[in-house]
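Novice: Below are the sequence and a predicted model for it; my questions follow.
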Amino acid sequence: MKIGIVAEFNPLHSGHRYLIECARKIADENNGEVICVMSEFFTQRGEVAIVDGYTRAKEAVRSGCDMVIALPYLGSVAYGDDFAKKSIEILSGAGITHLIFGTENEDVSMFEEIYTKQQNKNREEYKKLLKTGLNHAKINSVLFGLENNNPNFSLAYSYYKAIREADLDIKLIPVKREGQGLNSGDVSEQVHLSATAIRNNINDEKIEKYLSKEMFADLRKENMAAEAELFPYLKYKILTLGKVGIEKIYDVSEGLENRIYEASLKVENYSDLVNLIATKRYSNKKIQRALLHILTNTTKEDYKKYFSTNNFRVLAVKKNKAAIIREINREGKIILHPLLNSKNSMNFEHDIKVARIYELLFSKKDIFRENIQIID
């Protein structure tokens, strides 16, 4: 048995540790392993990871994972279906038999019904809702019964959809989430605190109880990449690319380049830029992802070239489980690289470029070339 986890761990907190502990318990009872795929520099919501990937991966292994594989940038900063598709592709290549995830609603029996509805969706009804100004994600939620569920449940459905479309034999293990959701509140009275709530209360000493001592210390050490630091680089990139250049950027379509360029001339901070561009059709998350693609110069051609890669980096592994890497590489479905060198670096050209941007924001050097973290 191999249990997979898809994560960002931004940062890794008590709720994440609970999920890992559940996976660890099941794996140990079945002589199995726990393998995680994790975003590295930027997140699915289009945000900067507040702690670097190696640090978060090391914490994940200390918490009970056997290995952490880096999810490439184009899988990390993507809408739900692409995020899930790439994550499941990696975990399937690593040989997982089960996928464990946290969700407020453990009843995933409706997924097959939703999937069937999607295959037979009413095109006319879809077009009608599109004219109201709703974005594609919201329309799917309304049409297929996901509107009353939170993002975690919708993402869980995306995992199911990716598994179903690839015809994989991977079983789902939903785990009931406890504690606070996305909105921050009184951080002292929660069973578990969400990663978003922790980021929103980063200067509150009360968050310490939701983090390990190591992670809390790492958060305090990091030079936080504030929006104020990111904005000048982004605005420079928008103005130098111009509307024609922005149109070539991945996930920019339907005239969005015009809104982005015009908005950049009117604002002086990142938050105002996002809010000015966003509409009912273009959610804040979509705008944040598009802006990151501009910042990293990720074009539509880059997506075609790099999204389909089967080469992935290992960020951390438990010392007594290092043989897993060789076993997976022998199977040949995916290729894992524990170290970056002159022979394999060509497989990671785009992610190296993305890493340079992250280093610029955090005033660090060669994060991408750090050695795999081997944990006793």
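Specialist: That came in fine, so what should we check first? Numbers count the residues shown, from 1 in each chain.
Novice: got the contact list for R313?
Specialist: I69, A70, L336, H337, P338, L340, F348 (CB atoms under 8 Å, 6 or more residues apart in numbering). Bear in mind the C-beta positions are built from the backbone N, C-alpha and C, glycine included.
Novice: Please pull up the helix or strand immediately following the host helix or strand of it.
Specialist: Applying DSSP states H and E as the criterion places R313 in strand 311-318. The helix or strand immediately downstream of strand 311-318 is helix 323-331, counting by DSSP H and E.
Novice: average pLDDT across that following helix?
Specialist: If you average the pLDDT over helix 323-331, you get 97.
Novice: Check which helices and strands that helix is in contact with.
Specialist: Counting contacts by 3 or more CB pairs under 8 Å, 6 or more residues apart in numbering; DSSP states H and E, helix 323-331 packs against strand 311-318, strand 335-337.
Novice: Same question for it: list its buried residues.
Specialist: Buried residues in helix 323-331, defined by neighbour count with 16 or more other CB atoms under 10 Å: I324, I325, I328.
Novice: Out of those residues, which is nearest to E89?
Specialist: Ranked by distance to E89 (CB to CB), these are led by I328 at 13.1 Å.
Novice: Now name the helix or strand holding the residue lying farthest from the centre of the chain.
Specialist: For the chain, the C-alpha lying farthest from the average C-alpha position belongs to E124; by CA atoms, centre = their mean, that distance is 32.5 Å. Using DSSP H and E, E124 sits in helix 123-131.
Novice: Could you list the alpha-carbon positions for the strand holding R313 in CSV?
Specialist: Written as CSV, here are the backbone C-alpha positions of strand 311-318 (Å, rounded to 0.1, in the frame of the first residue of the first chain):
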residue,chain,number,x,y,z
ASN,A,311,10.8,14.5,-14.6
PHE,A,312,10.4,15.6,-11.0
ARG,A,313,12.6,16.5,-8.1
VAL,A,314,12.6,14.9,-4.7
LEU,A,315,12.8,17.5,-1.9
ALA,A,316,13.0,15.2,1.1
VAL,A,317,13.0,11.6,2.0
LYS,A,318,13.2,9.5,5.2
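Novice: Any idea how far that strand is from the middle of the chain?
Specialist: When C-alpha coordinates are averaged (CA atoms, centre = their mean, to the nearest Å), strand 311-318 and its chain have centres 16 Å apart.
Novice: ok, the contacts of R313 vs E229, which is closest?
Specialist: Distance to E229 across these (CB to CB) is lowest for A70, with 23.5 Å.
Novice: The closest one in helix, strand or coil?
Specialist: Put simply, A70 is strand when judged by DSSP: H, G, I helix; E, B strand; the rest coil.
Novice: Roughly how far does it sit from V354?
Specialist: Counting by CB to CB, to the nearest Å, the gap from A70 to V354 is 11 Å.
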